[in-house]
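J.: no sequence on this one, just coordinates:
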């Protein structure tokens, strides 16, 4: 059974184990691309390393259709649920 995008968002909050930082960035970027579209605003600078990393991960998905981002997000959450 495949989850819906919003079900996957809820399920991502209770994964069996915490994913690594790269996977967390991918989840965040796919969710934003799937729900908001292409990245907007300026890239955080200075010492906001987390904000900059999130921005860069999202910016790497520019042009990806929302439906594709949502499908990739759901697939990643389902993969993480299986451990």
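T.: All right, it came through fine. Everything numeric here is computed off the predicted structure, so don't read it as measured data.

J.: which SSE is the spatially closest residue to residue 38 that is not a sequence neighbour in?
T.: Once flanking residues are discounted, residue 38 sits nearest to residue 62: 4.9 Å by C-beta to C-beta, 6 or more residues apart in numbering. Backbone N, C-alpha and C define where each C-beta goes, glycine included. Here residue 62, judged by DSSP states H and E, is contained in no helix and no strand.

J.: I'd guessed residue 62 sits against residue 37; true?
T.: No - counting by C-beta atoms under 8 Å, residue 62 does not reach residue 37; the two are 9.3 Å apart.

J.: any common contacting residues for those two?
T.: Residues touching both residue 62 and residue 37 (C-beta atoms under 8 Å, 6 or more residues apart in numbering): none.

J.: Give me the more crowded residue out of the two.
T.: residue 37 (14 against 10; other C-beta atoms under 10 Å).

J.: Okay, residue 36 and residue 61: tell me how far apart.
T.: Per C-beta to C-beta, to the nearest Å, residue 36 is found 11 Å from residue 61.

J.: per-residue pLDDT, the closest residue to residue 72 other than its chain neighbours?
T.: Nearest non-adjacent residue to residue 72, counting by C-beta to C-beta, 6+ apart: residue 30, 5.3 Å away. In this model, residue 30 is scored at 98, pLDDT.

J.: Run a quick neighbour tally on residue 30.
T.: Neighbour tally, residue 30, other C-beta under 10 Å: 26.

J.: where does it land in three-state SS?
T.: Classification of residue 30 by DSSP: H, G, I helix; E, B strand; the rest coil places it in helix.

J.: for the one 5 residues further on, same thing?
T.: In three-state terms, and counting by three-state DSSP, residue 35 is helix.

J.: what's near enough to touch residue 17?
T.: residue 83.

J.: quick one: furthest residue from the center of this protein?
T.: Distance from the C-alpha centroid of the chain, by C-alpha atoms, centre = their mean, peaks at residue 46 (23.3 Å).

J.: Distance check, that one against residue 24.
T.: Distance of residue 46 to residue 24, computed by C-beta to C-beta: 22 Å.
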